[in-house]
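> Take this sequence and fold it.
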Amino acid sequence: MIAVDTNILVYAHRSDLPFHEAARRLVEALATGSVRWAVPWPCIHEFLAVVTNGRVFRPASPLTVAMSLVEALAHSGRCDFLAEGDAHLSTLQSLASSGSVSGGQFHDARIAAICLAHGVRELWSADRDFSRYPALRVVNPLISATSR
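Below is the predicted model:
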C-alpha cells in the first residue's frame, strides 16, 4: 500500500504552489485508481492546520474548502485513513531510539510508526526527514512527475 504525506496533499490542494499540478495529478490518480492507498490521520490533521493558517498562506484556504478535499478522499472508496494501533508505542520507541529522534522530529516518527504498523510499502513525501527511518521506503513522486 502507498501512503501519502502532508506535503503532497498541500501541494495537490494549493494551486499557488509550484508542484500543484504534479501533486494534483498524483492524488487524483490514486483516488480514481483501483488500488487501495492511505493517508495517516496525523497527515490529515497537519494538512488542515497548514492550509487554513493565515500566517502560512494568504489567503488561507477556508475550512470548508480544505475539508472538501478530505471528504473527497474519504468517499473515493480506495483511501484508508491510518491511525495508531496496539503496537504503536513499541514501534515509536524503536524508531525514536534508532533515529535519535527528539522534539519536533516525533511528528514524522509517529507517521513512520503508523505506516510500518499498517504494512505501508511506500510513503510518498517531499520531506527528506523520513530518511532516518530506513525500514520505511520513502519516495518523492514530485521529482519524477515534474521531470516527465
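> What segments of this protein are helices?
6-13, 20-32, 41-51, 63-75, 88-98, 106-117, 141-146 (DSSP state H).
> quick one: which of these is nearest F130?
helix 106-117 (5.9 Å; C-beta to C-beta). C-betas here are computed from N, CA, C, even on glycine.
> What lies in contact with that closest one?
Under the criterion C-beta atoms under 8 Å, 6 or more residues apart in numbering, residues 3, 5, 40-43, 46, 82-85, 87-88, 91-92, 95-96, 99, 101, 123, 127, 129-130, 132-133, 135-136 lie in contact with helix 106-117.
> before we move on, back to that, okay if I get the helices of the chain as TSV plus mean neighbour count and distance to F57?
As requested, the helices of the chain are exported to TSV (neighbours: other C-beta atoms under 10 Å; distance: least, C-beta to C-beta, whole Å):
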stretch	mean neighbour count	distance to F57
helix 6-13	24	9
helix 20-32	17	12
helix 41-51	19	6
helix 63-75	14	10
helix 88-98	15	31
helix 106-117	23	20
helix 141-146	15	19
